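In: Build me a model from this:
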Amino acid sequence: YPGAPTMAAPFPGAAPVPGTAPFPGAAPVPGTAPFPGTAPGAAPPGWQPPAWGPGGVPVSPGPVGRRVNPLVWISAAVAVVLVAGLVIFFVAKPSKSGNNGGKTSAVQVFSGATYGFKYPWALALAGDDLWVANQHGNSVTELNASTGKVVRIISGGNYGFDKPSAIAVAGGFVWVANFGGNSVTVLNAGDGSLVRVLAGANYGFDGPDSMAVYGSDLWVSNVAGSGKYGSLTEINTSDGTTIRTLTWKQAVFATPEALLVNGNHLWIASLGGVTQDNASDGSYGQLFQKGYNFNEPDALAAAGGSIWVDNAGGTNGGSVTQMSASDGTWVRTLAGGSYGFAYPGSITSDGTHLWVGNANGDSVTEMNVTDGGWVRTLVGGEYDFKYPAAILVGGGHVWVANADGNSVTEFPAS
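Out: Numbers count the residues shown, from 1 in each chain. You can find the predicted model right below:
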């Protein structure tokens with residue numbers, strides 16, 4: 001994919017205009033009231049946003065760990081490393097060292113200049129394509145998930161990548177949230193070509209940090225939007241227009257760290273707890289806060305009729321809270337030495353097992369979905385985990401983005 005990228009407009013008659021509102025005349029639809037008969041902005045009884053310290057930085061319980069709160073990035077100066085776009089094919093060799101949790105074969109670690117990984121921070125899997133967002137490289141790497149070969153490395157100023165923090169695939173496009181650029185880059189999922197860069201007041205992007213797909217809609221969380229507590233943006237994936245933007249008061253959250261769509265519900269993990277809203281319009285449903293042992297909830301997964309909440313904070317190095325997916329009832333909180341949690345920051349499931357990435361432990365904890373029981377903790381040379389920032393499962397394999405290692409680890413899910 002040598003040379004400058006070619007921009008192709010996917011929507012008839014709409015020419016791509018990087019850095020500007022790409023869809024003239026498409027005004028956002030005002031957010032709906034959080035519950036019927038109540039004016040927008042009304043919070044439910046007992047709603048308590050977290051305390052805030054100097055400079056608008058949230059004060060949350062538990063150790064800070066190595067993961068920088070997204071709000072800090074807004075004022076931080078980060079060097080931009082641009083990786084030239086090219087196509088190189090390479091098959092990584094499986095590591096043979098280590099003996100962790102009984103899994104000693106078919107483990108592969110992909111690294112090196114060939115892959116262009118620069119602080120890989122987010123992963124998305126669609127069919128046989130694995131997409132990796134490189135936060136410090138301001139680039140995206142596409143891999144063939146079956147062979148591990150590099151399909152292409154996408155970078156360059158035209159793409160608008162600026163600290164990419166989340167990535168998703170929907171509607172035949174790849175969507176990349178640019179935390180530093182307050183924008184979303186849209187790529188053609190077939191060839192990686194630039195579709196356009198979504199930005200401007202209509203979108204309300206302000207520190208976009210996570211995404212979730214609901215049918216033809218894409219939800220984007222903004223950790224700094226609508227004042228200090230954040231906001232949500234809903235986008236139509238067929239034409240890229242804004243459907244609506246919601247303030248933290250309307251959707252009821254405080255600094256949204258993670259989004260998850262399960263059925264018709266949009267789950268939001270924030271410093272204020274976990275919120276269950278309507279996935280079609282973002283209208284408020286329920287807030288779960290007290291009695292759930294939440295402590296810096298920052299990742300979500302759905303499996304076995306439950307919602308699993310990854311809690312990065314806590315005196316035991318972190319925990320995982322299990323909730324009923326139907327009504328949000330608390331089921332159990334998993335914590336303690338046997339789980340090996342160490343500032344967990346990512347979680348995924350294949351419906352039978354759960355995998356939790358421990359950012360400060362350079363490890364992955366595997367659990368049983370039926371009862372949350374510990375299965376094994378994967379750590380050591382064979383896996384080469386180094387600050388696992390993202391984890392996902394698909395096609396019988398688990399993929400882990402190692403931010404500090406500039407690598408991606410793959411291992412069998414069973």
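
In: buried sites along the helix or strand hosting Glu234?
Out: Here Glu234 is covered by strand 231-236, with elements defined by DSSP states H and E. Buried residues in strand 231-236, counting neighbours by 16 or more other C-beta atoms under 10 Å, are found at 231-235. Where C-beta positions appear, they are placed from N, C-alpha and C, glycine not excepted.

In: Save these as a markdown table, and put in distance to Val151 and pLDDT too.
Out: Written out in a markdown table, the entries for these read as follows (distance: C-beta to C-beta, whole Å; pLDDT from 0 to 100):
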| residue | distance to Val151 | pLDDT |
| --- | --- | --- |
| Ser231 | 34 | 96 |
| Leu232 | 32 | 97 |
| Thr233 | 29 | 98 |
| Glu234 | 30 | 98 |
| Ile235 | 25 | 98 |
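
In: Which members of those are the farthest-apart pair?
Out: Among the buried residues of strand 231-236, the pair separated by the greatest distance (C-beta to C-beta) is Ser231 and Ile235, at 13.2 Å.

In: wait, what's in contact with Ser407?
Out: With contact set as C-beta atoms under 8 Å, 6 or more residues apart in numbering, Ser407 has these partners: 109-111, 115, 117, 120, 384, 386.

In: Give me the subset of these lying in strands.
Out: When the contacts of Ser407 are checked against strands using DSSP state E, the ones located there are 109-111, 120.

In: Neighbour count, pLDDT and distance to Gly357 added to those residues, as TSV?
Out: As requested, the ones in strands among the contacts of Ser407 are exported to TSV (neighbours: other C-beta atoms under 10 Å; pLDDT from 0 to 100; distance: C-beta to C-beta, whole Å):
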residue	neighbour count	pLDDT	distance to Gly357
Val109	24	97	15
Phe110	25	97	16
Ser111	17	97	17
Pro120	32	98	12
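
In: Could you report the distance from Leu198 to Gly395?
Out: Noted for Leu198: a distance of 30 Å to Gly395, by C-beta to C-beta, to the nearest Å.

In: got it, and Ala122?
Out: On the measure of C-beta to C-beta, Ala122 and Gly395 end up 18 Å apart.

In: same deal with Asn311?
Out: From Asn311 across to Gly395, the span is 29 Å (C-beta to C-beta).

In: Looking at those two, which is more packed in?
Out: Asn311 (26 against 14; other C-beta atoms under 10 Å).

In: Which neighbouring elements make contact with the strand holding Glu234?
Out: With contacts defined as 3 or more C-beta pairs under 8 Å, 6 or more residues apart in numbering; DSSP states H and E, the secondary structure elements packing on strand 231-236 are strand 217-222, strand 242-247.

In: So which of those is nearest Thr377?
Out: Distances from Thr377 to each of the helices and strands packed on strand 231-236 were compared using C-beta to C-beta; the shortest belongs to strand 217-222, at 29.7 Å.

In: and the closest one with strand 242-247, angle?
Out: Strand 217-222 and strand 242-247 meet at an angle of 30 degrees, taking axes from the mean of the first three to the mean of the last three C-alpha atoms, to 10 degrees as the criterion.

In: Check the offset of strand 217-222 from the chain's centre.
Out: Shown here is strand 217-222, whose average C-alpha point lies 11 Å from the average C-alpha point of the whole chain (C-alpha atoms, centre = their mean, to the nearest Å).

In: Residues touching it, excluding its own?
Out: Residues from elsewhere that reach strand 217-222 (C-beta under 8 Å, 6+ apart): 166, 168, 170, 175, 177, 184, 204-213, 230-237, 243, 256-259, 261, 266, 268, 279-280, 282.

In: Okay, now the unreliable bits of the chain?
Out: Across the chain, the stretches falling below the confidence threshold (pLDDT under 70) are 1-105, 226.

In: ok, which stretches of it are helices?
Out: In the chain, the helices defined using DSSP state H lie at 70-75, 248-251.

In: what's the distance between the closest residue to Phe411 other than its chain neighbours and Val140?
Out: Taking C-beta to C-beta, 6 or more residues apart in numbering as the measure, Phe411 lies nearest to Val107, with 4.6 Å between them; neighbours along the chain are not counted. Noted for Val107: a distance of 24 Å to Val140, by C-beta to C-beta.

In: Pick out whichever of these two has more residues nearby.
Out: Val140 (27 against 20).

In: could I get the contacts of Ser407 as CSV with distance to Leu130?
Out: Shown next, in CSV, are those (distance: C-beta to C-beta, whole Å):
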residue, distance to Leu130
Val109, 14
Phe110, 10
Ser111, 14
Tyr115, 11
Phe117, 12
Pro120, 11
Asp384, 17
Lys386, 18
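
In: Farthest pair within those?
Out: Using C-beta to C-beta, the two most remote members of those are Tyr115 and Lys386, lying 14.4 Å apart.

In: of those two, who's got more company?
Out: Legend: neighbour count by other C-beta under 10 Å for Tyr115 and Lys386, higher for Tyr115 (23 against 18).

In: Tell me who's in contact with that one.
Out: Under the criterion of C-beta under 8 Å, 6+ apart, the neighbours of Tyr115 are 90, 132, 141, 143, 150, 153, 407-408.

In: ok, back up a step: what does the strand holding Glu234 contact?
Out: With C-beta under 8 Å, 6+ apart, strand 231-236 has contacts from 184, 198, 203-206, 208, 216-222, 225, 241-248, 251, 256, 268, 281-282.
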